[in-house]
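K.L.:
sequence unknown, structure follows:
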């Protein structure tokens, strides 16, 4: 099991890659780590933050894609150039129905937060009312799911 260290705004979380569920997506995400970006509040999806990635193409198909991620679940929308919406990472912090101005979207659930879930309810409103927050996802060195 691959453990991730996630920093979103002032909060730290531990997560795991969902390698059995989305093996191709997780392999590409691992190659892209560490990820440093900005999370902004979603516009159409409910209680979630997202990191827009523009035309970045991970070259992955849909894997067990969902429109309704659970709180603490990360999705990768493998959009890219010429697609209905841009590539993005979404993190749900509450009820969420993943969508864009073009309508419903589905994303690959590549990771799940396993430690610090209680802080997600603070991250969401902070991002909504105070603006973009830093988002860093990296491999957790020496961390386990029990940490």
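P.N.:
Happy to help now that I have it. Quick caveat: nothing in here was measured; it's all calculated off a predicted structure.

K.L.:
How about the secondary structure of the residue nearest the centre of the chain?
P.N.:
Compute the mean C-alpha point of the chain, and by C-alpha atoms, centre = their mean the closest residue is residue 74, 3.2 Å away. Going by DSSP: H, G, I helix; E, B strand; the rest coil, the secondary structure assigned to residue 74 is strand.

K.L.:
Could you number the chain from 24 rather than 1 from now on?
P.N.:
That works, and once the first residue is 24, the last one we named lands at residue 97.

K.L.:
Need the pLDDT of it.
P.N.:
Note on residue 97: pLDDT of 98.

K.L.:
Ok, residue 35 next?
P.N.:
So, for residue 35, pLDDT stands at 97.

K.L.:
Show me where this structure has its helices.
P.N.:
With helices called from DSSP state H, the chain shows them at 46-55, 143-153.

K.L.:
Minimum distance to residue 32: which of those has it?
P.N.:
helix 143-153 (5.8 Å; C-beta to C-beta). C-beta coordinates here come from the backbone N, C-alpha and C atoms, glycine included.

K.L.:
so which of the helices of the chain gets nearest residue 37?
P.N.:
Comparing these by C-beta to C-beta, helix 143-153 comes nearest, at 12.8 Å.

K.L.:
For the closest one, the averaged confidence score.
P.N.:
Rounded mean pLDDT across helix 143-153 is 96.

K.L.:
can you check stretch 75-91 too?
P.N.:
93.

K.L.:
Could you tell me the end-to-end distance of that stretch?
P.N.:
18 Å (C-alpha to C-alpha, to the nearest Å).

K.L.:
next one: stretch 136-156
P.N.:
Per C-alpha to C-alpha, stretch 136-156 runs 17 Å from first to last residue.

K.L.:
I'd say residue 31 and residue 158 touch.
P.N.:
Yes: counting by C-beta atoms under 8 Å, residue 158 is a contact partner of residue 31 at 5.3 Å.

K.L.:
Find the residues that touch each one of those two.
P.N.:
Common neighbours of residue 31 and residue 158, counting by C-beta atoms under 8 Å, 6 or more residues apart in numbering, are 62, 72, 114.

K.L.:
Looking at neighbours, which among the residues you listed is most surrounded?
P.N.:
With neighbours taken as other C-beta atoms under 10 Å, the top of the shared contacts of residue 31 and residue 158 is residue 114, carrying 29 neighbours.
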